[in-house]
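1. kindly generate the corresponding structure for this input.
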Amino acid sequence: MENILLTINIILAAVLVFLVLIQKSEGGALGIGVSQENFMFSRSTGNFLTKATAIVATLFIICSLGLTILSRGEITPTSSVLDTVEQKKSEDTPEIPKNNN
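-> Numbers count the residues shown, from 1 in each chain. Next up is the predicted model:
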């Protein structure tokens, strides 16, 4: 199940990058020379790409959350790092002799 979700996640990421890259820039400097006719026809395409990007981004986030939830179940809780440090500390420290004679 995890492999299937991982494959879907990678495909969604690639599609999301592609959708973002093919969208028309709305910045002022990069849109120089666009006629009004092209602007009118590209508006419907822009709406479609915007909606498609939002849908793919939502699916990507849901898939990523699903992967996180699945992988969290495989992690077994272990003891604290501080507990292991204290164990090593007690094993490594030499004992003080009881008689100083």
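2. not counting sequence-adjacent ones, nearest residue to residue 57?
-> residue 16 (5.9 Å; C-beta to C-beta, 6 or more residues apart in numbering). Placement of C-beta: from N, CA and C, glycine included.
3. report the mean confidence score over the host helix or strand of the one you found.
-> Element membership of residue 16, judged by DSSP states H and E, is helix 2-22. Taken as a whole, helix 2-22 has a mean pLDDT of 93.
4. need the CA coordinates for that helix. PDB is fine.
-> Extracted in PDB, the C-alpha atoms of helix 2-22 (Å, rounded to 0.1, in the frame of the first residue of the first chain):
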ATOM      1  CA  GLU A   2       2.800   2.300   0.900                       C
ATOM      2  CA  ASN A   3       4.600   1.700  -2.500                       C
ATOM      3  CA  ILE A   4       1.400   2.500  -4.400                       C
ATOM      4  CA  LEU A   5       0.900   5.800  -2.500                       C
ATOM      5  CA  LEU A   6       4.500   6.700  -3.000                       C
ATOM      6  CA  THR A   7       4.200   6.100  -6.700                       C
ATOM      7  CA  ILE A   8       1.000   8.200  -6.900                       C
ATOM      8  CA  ASN A   9       2.700  10.900  -4.900                       C
ATOM      9  CA  ILE A  10       5.600  11.100  -7.300                       C
ATOM     10  CA  ILE A  11       3.300  11.200 -10.300                       C
ATOM     11  CA  LEU A  12       1.200  13.900  -8.600                       C
ATOM     12  CA  ALA A  13       4.300  15.900  -7.900                       C
ATOM     13  CA  ALA A  14       5.400  15.800 -11.500                       C
ATOM     14  CA  VAL A  15       2.000  16.700 -12.800                       C
ATOM     15  CA  LEU A  16       1.800  19.600 -10.300                       C
ATOM     16  CA  VAL A  17       5.200  21.000 -11.400                       C
ATOM     17  CA  PHE A  18       4.100  20.700 -15.100                       C
ATOM     18  CA  LEU A  19       0.800  22.500 -14.400                       C
ATOM     19  CA  VAL A  20       2.600  25.300 -12.600                       C
ATOM     20  CA  LEU A  21       5.100  25.700 -15.300                       C
ATOM     21  CA  ILE A  22       2.700  25.900 -18.200                       C
END
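5. can you list contacts of it?
-> Residues outside helix 2-22 that contact it (C-beta atoms under 8 Å, 6 or more residues apart in numbering): 49, 52-53, 56-57, 59-60, 63-64, 66-67, 70-71.
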